[in-house]
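Chemist: Task: produce atomic coordinates for the following.
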Amino acid sequence: MAEGAAKLAGGLGSVPVETVLEEANRTAGTKAGTAAIGDMKPRPSHWYAFDDGDQDTADWYPQGLTGSEDSGTLGVPVFMASWYYKPEAGERGIRVTFLSPETLKYRHALLVLAGPDGSYGPIDIHAGGIACHGGLLYVADTVRGLRVFDLANVLDLRTAQDDLGDGKRVGRHGRKFHAFGYRYVIPQTDFWRVVKPGPRFSFVSIDRSTATPQLVTGEFRGDDPDGWVARWDLDLAGGEPNDAFVMGHPKIQGATSRDGRWYLSQGGETSSHNGKLLVYADGELETRPFPIGPEDLTVQDGKVWSLTEFRNKRAIFAVPL
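Modeler: Purely as a prediction, here's the structure:
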């Protein structure tokens, strides 16, 4: 895996996240996508909606969210969002969006699995949650564990060729690189694998308020309230969580913890109903209003952030901690 990523990087030059944002080709809005707010009062304090093309597509669905504050090492403020492909024909895998909260410009990059010979292809998973620590991006792979991507390996197809290849192909064919029309690809470099039978990894975040940062993971179980959340050392020492809890609520789509509080993102009954933010502090539950279709959670700039998944209701938004 790491060998394949290194081989691919040898054929394509890497660029920092700053360059991806400088070359951003889409613009988020502060008004579009407000249908996701529904009957939420008060409204989110910040709101960055994806553009019309990303609002309307029935092929790609946003799921995971993390940011530069989780990383602690990225040189610019940035949000990163994962999307999975819901194909009518074929499979285009998963992608990550890099969005600048300063300029509202953003760009997608394709996450790929590289072979030992430098070939590569899409990764067919749900990518229900992502977290970033240092230069590593962790992507939830529900039954297998966590896939790891090194943000030092953001590879630019333009360094090897004048165009972006065939928009309908992926991988290296002869001397030509293709990525379904994407300019940037990021190969997987590592894997936290679950020993079966084991926990399910539906979503993931970082708790940076503990003595050393911890990875927070949790399990979506639909109408079953017995899904769990846990916190792990980032080196996964011993292969066991530091603590784990049954959430006691159905439809939990994301979770994080900060300064002794737990935050749970709960979906609504349908794609027309508002979700809820469940906050546990000292054993007491507080239920707060949330938009329609909330997913993964992260903390940045002293706020809780999430994103919404439903078509024409897609945005990154914030509420107070």
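Chemist: which SSE is the closest residue to residue 252 other than its chain neighbours in?
Modeler: In this structure, residue 252 finds its nearest non-sequential neighbour in residue 264, 5.2 Å apart by C-beta to C-beta, 6 or more residues apart in numbering. The C-beta positions use only the backbone N, C-alpha and C, and glycine is treated the same way. Using DSSP states H and E, residue 264 falls within strand 261-266.
Chemist: Any chance you could list what contacts that strand?
Modeler: Strand 261-266 is contacted from outside by 229, 245, 247, 249-257, 275-281, 290, 294-297, 304, 306, 321, using C-beta atoms under 8 Å, 6 or more residues apart in numbering.
Chemist: Got a PyMOL select line for the buried ones in these?
Modeler: Selection of buried members from the contacts of strand 261-266 for PyMOL, criterion 16 or more other C-beta atoms under 10 Å:
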select buried, resi 229+245+247+249+251+252+253+254+255+256+257+275+276+277+278+279+280+290+294+295+296+297+304+306
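Chemist: hang on, the earlier thing: report the backbone C-alpha coordinates of the strand holding residue 264 in PDB.
Modeler: The C-alpha coordinates for strand 261-266 follow below in PDB (Å, rounded to 0.1, in the frame of the first residue of the first chain):
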ATOM      1  CA  ARG A 261     -18.900  17.000  26.700                       C
ATOM      2  CA  TRP A 262     -20.200  14.500  24.100                       C
ATOM      3  CA  TYR A 263     -21.900  15.800  20.900                       C
ATOM      4  CA  LEU A 264     -24.000  13.500  18.800                       C
ATOM      5  CA  SER A 265     -25.500  14.300  15.400                       C
ATOM      6  CA  GLN A 266     -28.900  12.700  15.000                       C
END
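Chemist: Partner strands of it and their direction?
Modeler: Partners of strand 261-266 in the sheet, by DSSP bridges, are strand 252-258 (antiparallel), strand 274-281 (antiparallel).
Chemist: Now do the strands in the stretch 1-150 of the chain.
Modeler: In the stretch 1-150 of the chain, the segments counted as strands under DSSP state E, counting those that start in this stretch are 13-14, 26-27, 46-49, 60-67, 79-85, 94-99, 105-114, 120-122, 130-133, 136-141, 145-150.
Chemist: will you turn those strands into a markdown table that also has mean pLDDT?
Modeler: Listed next are those as a markdown table, based on pLDDT from 0 to 100:
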| stretch | mean pLDDT |
| --- | --- |
| strand 13-14 | 92 |
| strand 26-27 | 97 |
| strand 46-49 | 93 |
| strand 60-67 | 97 |
| strand 79-85 | 98 |
| strand 94-99 | 98 |
| strand 105-114 | 97 |
| strand 120-122 | 95 |
| strand 130-133 | 97 |
| strand 136-141 | 97 |
| strand 145-150 | 96 |
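Chemist: Compare the ones you listed and give me the one nearest residue 160.
Modeler: The minimum distance between residue 160 and the strands of the stretch 1-150 of the chain falls on strand 13-14, with 7.5 Å, by C-beta to C-beta.
Chemist: Residues in contact with the closest one: which ones?
Modeler: By C-beta under 8 Å, 6+ apart, the list of residues contacting strand 13-14 reads 152-156, 159-160.
Chemist: List the contacts of residue 256.
Modeler: So residue 256 contacts 205-207, 216, 262-263, 297-299, 304 (C-beta under 8 Å, 6+ apart).
Chemist: Also residue 180?
Modeler: 92, 110, 122, 167-170.
Chemist: Could you do residue 74 as well?
Modeler: By C-beta under 8 Å, 6+ apart, the contact list for residue 74 reads 17, 68, 132, 135, 151.
Chemist: The last one and residue 17 touch, don't they?
Modeler: The reference is to residue 151. Yes: using C-beta atoms under 8 Å, residue 151 makes contact with residue 17 at a distance of 6.1 Å.
Chemist: List just the nearest of the contacts of residue 74 to residue 236.
Modeler: Using C-beta to C-beta, the contacts of residue 74 come closest to residue 236 at residue 132, 16.3 Å.
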